[in-house]
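[1] Give me coordinates for this.
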Amino acid sequence: MGRLDQKVAIVTGGAQGLGGAISELFVQEGGTVVIVDILYDAGNALAHRLGDSALYQHLDVTDEAGWKQLAQETFDRYGSIDVLVNNAAIYSYALLEDTPKETFQKTLDVNVTGPFIAMQAVVPYMKQKKAGAIVNVSSTDGLRGSCCMSAYNASKWALRGLTKCIAMEVGPFGIRVNSIHPGAMNTQMFNPDGDPDEVINERFQGIALSRVSDPMEVARAILFLASDEASYVSGAELTADGAWSCGVYLLEKPSP
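    The predicted structure follows:
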């Protein structure tokens, strides 16, 4: 028995990186996954590789009408929407005075408004079943401040707060809403040049685990929140960041 047997999940940004790992793991655990992404080739390729339990759907997560249509079509096709993972996000790195207003607004649109309208579209179907799990992918940067990341941090803090509000609203309908806060992951977004682990890990000697994560390590934490194993977990913040959010580890830390 898989941990998501008979469950239908929608995963945004599901074509590659963390989203790809989530999609793959959910299928391995018996779920049916609707891969939502703007990356047509990558999304179709992943769905083809995962087989009949995966379907790619092209959607910009800021498209409100598109979300309503996708939710309706998913429910009509499968008869249920059990899990929503709001993973799609964009990232910017610049000083305050070098961050255009348009960049700040677009970051909020994708990282906050996208999950908001996704939940608006999906929650009514979960209410029909009086069950459901929503996982919003925030970040370690939704727990603390970071230099040169005002737009990204603002969006991830907002998503963290939004998660708690919706968890309170939909809890009486048996729907759980949680946020997960990953640290650095070895994905294309973070490591576009494909540097080996030992190279990028050198940048993270100030955190306790002294390395970045593989996206599948974070996907397993998301699986827990999406599964019935987390049946009494809602409104929570789960970190998967190697203790990064705990503080900076002294460089004089003891050697293994």
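[2] Shouldn't Met145 be within a helix?
    Not quite, residue 145 is Gly, not Met. No: counting by DSSP: H, G, I helix; E, B strand; the rest coil, Gly145 is not part of a helix but coil.
[3] That one and Ala154 touch, don't they?
    No: using CB atoms under 8 Å, Gly145 makes no contact with Ala154, being 10.2 Å away. Placement of C-beta: from N, CA and C, glycine included.
[4] Any regions of the chain where pLDDT drops low?
    250-256 (pLDDT under 70).
[5] for it, which residue is closest to the average position?
    Asn87 (2.7 Å; CA atoms, centre = their mean).
[6] Could you check how far that residue is from Glu169?
    Per CB to CB, to the nearest Å, Asn87 is found 21 Å from Glu169.
[7] Remind me which helix or strand the nearest residue to Tyr91 once chain neighbours are set aside belongs to.
    Excluding the flanking residues, the one nearest Tyr91 by CB to CB, 6 or more residues apart in numbering is Tyr152, at 5.4 Å. Per DSSP states H and E, Tyr152 falls inside helix 150-170.
[8] In contact with Phe204, which residues?
    Contact analysis of Phe204 by CB atoms under 8 Å, 6 or more residues apart in numbering lists 184, 210-212, 242, 244.
[9] rerun at 6 Å
    211-212 (CB atoms under 6 Å, 6 or more residues apart in numbering).
[10] quick one: buried residues of the helix holding Tyr152?
    If you call a residue buried by 16 or more other CB atoms under 10 Å, then helix 150-170 has these buried ones: 150-160, 162-163, 166-167, 170.
[11] now the helices for the stretch 151-256 of the chain?
    Counting by DSSP state H, counting those that start in this stretch, the stretch 151-256 of the chain has helices at residues 197-201, 215-226.
[12] and the longest one, what other elements does it pack with?
    The criterion is 3 or more CB pairs under 6 Å, 6 or more residues apart in numbering; DSSP states H and E, and the helices and strands that helix 215-226 contacts are helix 17-28, strand 132-137, strand 175-182, strand 237-240.
[13] neighbouring contacts of that helix?
    In contact with helix 215-226 (CB under 6 Å, 6+ apart) are residues 17-18, 21-22, 25, 83, 133, 135, 178, 180, 182, 185, 187, 230, 238, 240.
[14] just to revisit the earlier point, most packed of the helices of the stretch 151-256 of the chain?
    helix 215-226 (a mean of 21; mean count of other CB atoms under 10 Å).
[15] Kindly export that one (C-alpha atoms) in CSV.
    Coordinates of each C-alpha in helix 215-226 appear next as CSV, following Å, rounded to 0.1, in the frame of the first residue of the first chain:
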residue,chain,number,x,y,z
PRO,A,215,15.1,17.8,-3.8
MET,A,216,13.8,14.3,-3.0
GLU,A,217,14.7,14.9,0.7
VAL,A,218,12.3,17.8,0.8
ALA,A,219,9.7,15.9,-1.3
ARG,A,220,9.6,13.2,1.4
ALA,A,221,8.7,15.8,4.0
ILE,A,222,6.0,17.1,1.7
LEU,A,223,4.7,13.6,1.3
PHE,A,224,4.3,13.3,5.0
LEU,A,225,2.2,16.5,5.2
ALA,A,226,0.1,15.3,2.2
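[16] Distance from the chain centre to that helix, please.
    Relative to the centre of its chain, helix 215-226 is centred 9 Å away, using CA atoms, centre = their mean, to the nearest Å.
[17] and the angle from it to strand 175-182?
    For helix 215-226 against strand 175-182, the angle by axes from the mean of the first three to the mean of the last three CA atoms, to 10 degrees is 160 degrees.
[18] Glu102: neighbour count?
    Neighbour count for Glu102, taken as other CB atoms under 10 Å: 8.
[19] give me every residue that touches it.
    Shown in contact with Glu102 (CB under 6 Å, 6+ apart): no residues.
[20] In stretch 23-42, which residues are buried?
    Buried residues in stretch 23-42, counted by 16+ other CB under 10 Å: 23-27, 29, 31-37, 39, 42.
[21] Most widely separated two among those residues?
    Spanning the widest gap among the buried residues of stretch 23-42 are Glu29 and Leu39, at 23.3 Å by CB to CB.
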